[in-house]
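Participant: I need the structure of the sequence given here:
(chains A and B)
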Amino acid sequence: EDQVTQSPEALRLQEGESSSLNCSYTVSGLRGLFWYRQDPGKGPEFLFTLYSAGEEKEKERLKATLTKKESFLHITAPKPEDSATYLCAVQLNRDDKIIFGKGTRLHILP
Amino acid sequence: EAGVAQSPRYKIIEKRQSVAFWCNPISGHATLYWYQQILGQGPKLLIQFQNNGVVDDSQLPKDRFSAERLKGVDSTLKIQPAKLEDSAVYLCASSLRSNSGGAYEQYFGPGTRLTVT
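Facilitator: From the prediction side, this is the model:
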């Protein structure tokens, strides 16, 4: 069964304390992996697309990486405004189906 | 560029009543998605349209949910009759074509928060 699992469920960090969020996936064929940010009361906002193992993408304090089994979202020196839920999603090769993980709730303390 | 528009933003109904949600995608986006997001969960795909044809509705509870996308642009999602467990946020998203060999990111609307009492 195709599955996407995100960990941890929730993470509290002090401002400036770097960490990583994990997205592990078990799918029959990966077309792409997406990272989104979701603020309370809003729809998810696109961050990155990764296509193949070894690929990396960066945006401000965020860097996403991809291996054959998992993706990491590294956050460097986070600020309180980085507090949000981060969602990972995969798109399957065989039928274009998109499967979301449950997300990681990130809280950055000032 | 205008984003994905959804209405209403909030809706409260009693169980067994019906409700409809509306979505206007980003201009030029051929693919439209409806998701259900229960509090604390990731979005769950209900239905995916490519232009005005259905690509995937395998997780749509067809006994009570229906959706249409007329003329390949706007879309409506209807629930009739509603149950307590339908309380959730209903998200609409759009993207460029999803079956051309590429993986296209989705752009989401603000969602409609439905409460069934």
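
Participant: tally of neighbours for B:F65?
Facilitator: 19 (other C-beta atoms under 10 Å in any protein chain shown). Where C-beta positions appear, they are placed from N, C-alpha and C, glycine not excepted.

Participant: again but with A:T49, I slipped
Facilitator: So A:T49, with other C-beta under 10 Å, has 20 neighbours.

Participant: Equivalent analysis for the one 5 residues further on, please.
Facilitator: Residues near A:G54, counting by other C-beta under 10 Å, number 9.

Participant: shouldn't it be in contact with A:K68?
Facilitator: No. Judged on C-beta atoms under 8 Å, A:G54 makes no contact with A:K68 at a distance of 9.3 Å.

Participant: What are the contacting residues of stretch B:38-46?
Facilitator: With contact meaning C-beta atoms under 8 Å, 6 or more residues apart in numbering or on different chains, stretch B:38-46 is reached by A:4, A:6, A:44, A:87, A:89, A:97-103, B:33-37, B:56-57, B:59-60, B:65, B:67, B:77, B:87-89, B:91.

Participant: scratch that, stretch B:55-64 is what I was asking about
Facilitator: Stretch B:55-64 has contacts (C-beta under 8 Å, 6+ apart) with A:95-97, B:31, B:44-49, B:67, B:79-83, B:86, B:98-99.

Participant: Show me what from chain A comes close to chain B.
Facilitator: A:4, A:6, A:31-32, A:34, A:36, A:41-46, A:49, A:51, A:87, A:89, A:91, A:95-103 (C-beta under 8 Å from any C-beta of the partner chain).
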